[in-house]
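# show me the folded form of this:
(2 chains)
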Amino acid sequence: MNPLTLNHYLLASGLLFSLGFAGVMLRRNIITIFMCLELMLNAANLSLVAFSRFHVGADGLPNYNAQVLVFFIITVAAAEVAVGLAIIVALYRARQTTHVEDIQSLKF
Amino acid sequence: MSPILFWAFSALMLAFGVSVILNRDPVASALSLVASFLCLAALFVGLDAFFIGVIQVLVYAGAVMVLFLFIIMLLDLKAEKRRSFNKFALLGGAAVTALFVAGLLKVISAFPAGAKPFPALGVASVDDVRQVGLAIFTRFNLPFQTVGVLVLVASIGVIVLSRRQLK
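Numbers count the residues shown, from 1 in each chain, chains lettered A, B, ... in the order given. The predicted structure is shown next:
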């Protein structure tokens, strides 16, 4: 079996990103769209960690700047999920739907 | 990371990702997403990023997905199962995604730096948590505190948003 290269990880990450992207395009349920957004964020995290591991510095350690960035992305994503789900609940209270095609006006 | 483990976990991760999209039931989608995140955490551990792997399991597969499941079960989403896919959305989404994947393959095939094999680490065992902590508290101290303020603002915002009468 061929040895693993950076491209393998980038390919896995890109495919995961395109799955999330396809989900955002195809699905009309706002919660599923939100889950697909999480999929895309995690695909970016995978490529960052792969770049970190494949960039070994002079001290023989991976580049930890990328892992700190992933840490920040996970933190911000957790905050984003909390706010987004609160908005979805408020929307559901007002409209009794989570289907994006039922929500056609900007103001109500 | 052994190639067999890489292939197994990335195939599982992508399979569960497909299942997130194709499942009609939002609960099934959310559980597939948990499984996909667990496989992703395994890939992180295989990349010697132990801290990120643990955070991925605790925060994403734990806290965030519990929040998702809680909201899905709070809202009554029975109507969603009766809906079919919109034909135009299906065509457009498939076309744009195919273009994206084609672009991805073209970029990766023309990226010679990505073809180098897995580099060996200079040290026997990585003290991963200590290194990430050092980086966060020295080089990235200001961004770290800014993120703390952001989380505080987000939690206040959630409380404001979830009050009964939103006017």
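# check contacts around A:Thr75.
By C-beta atoms under 8 Å, 6 or more residues apart in numbering or on different chains, A:Thr75 lies in contact with B:Val59, B:Val147, B:Leu150, B:Val151. Every residue, glycine included, has its C-beta placed from N, CA and C.
# any chance of the residues you listed in JSON lines, with secondary structure and pLDDT too?
JSON lines is the format used below for the contacts of A:Thr75 (DSSP: H, G, I helix; E, B strand; the rest coil; pLDDT from 0 to 100):
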{"residue": "B:Val59", "secondary structure": "helix", "pLDDT": "91"}
{"residue": "B:Val147", "secondary structure": "helix", "pLDDT": "95"}
{"residue": "B:Leu150", "secondary structure": "helix", "pLDDT": "95"}
{"residue": "B:Val151", "secondary structure": "helix", "pLDDT": "94"}
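# report the contact partners of the residue positioned nearest the centre of chain B.
Centroid check for chain B by C-alpha atoms, centre = their mean gives B:Phe37 as the closest residue, at 5.9 Å. B:Phe37 makes contact with A:Asn42, B:Gln56, B:Val57, B:Tyr60, B:Ala61, B:Met65, according to C-beta under 8 Å, 6+ apart.
# the same query, at a cut-off of 7 Å, please.
A:Asn42, B:Gln56, B:Tyr60, B:Ala61 (C-beta atoms under 7 Å, 6 or more residues apart in numbering or on different chains).
# and the contacts of A:Thr75, which of them are buried?
B:Val59, B:Val147 (16 or more other C-beta atoms under 10 Å in any protein chain shown).
# A:Leu97 belongs to a strand, doesn't it?
Let me fix one detail, which is that residue A:97 is Thr and not Leu. No: assigned with DSSP: H, G, I helix; E, B strand; the rest coil, A:Thr97 falls outside any strand and is coil.
# skipping adjacent residues, who's closest to it in space?
Nearest residue to A:Thr97, sequence neighbours excluded (C-beta to C-beta, 6 or more residues apart in numbering or on different chains): A:Ile103, at 6.9 Å.
# how much space between that neighbour and B:Val59?
30 Å (C-beta to C-beta, to the nearest Å).
# then A:Phe71?
From A:Phe71 to B:Val59 the distance is 10 Å (C-beta to C-beta).
# mutual contacts of these two, please.
Counting by C-beta under 7 Å, 6+ apart, nothing touches both A:Phe71 and B:Val59.
# any idea how many residues pack against the closest residue to B:Val151 other than its chain neighbours?
Distance criterion C-beta to C-beta, 6+ apart; nearest residue to B:Val151, sequence neighbours excluded, is A:Ala79 at 5.1 Å. By the criterion of other C-beta atoms under 10 Å in any protein chain shown, A:Ala79 has 18 neighbours.
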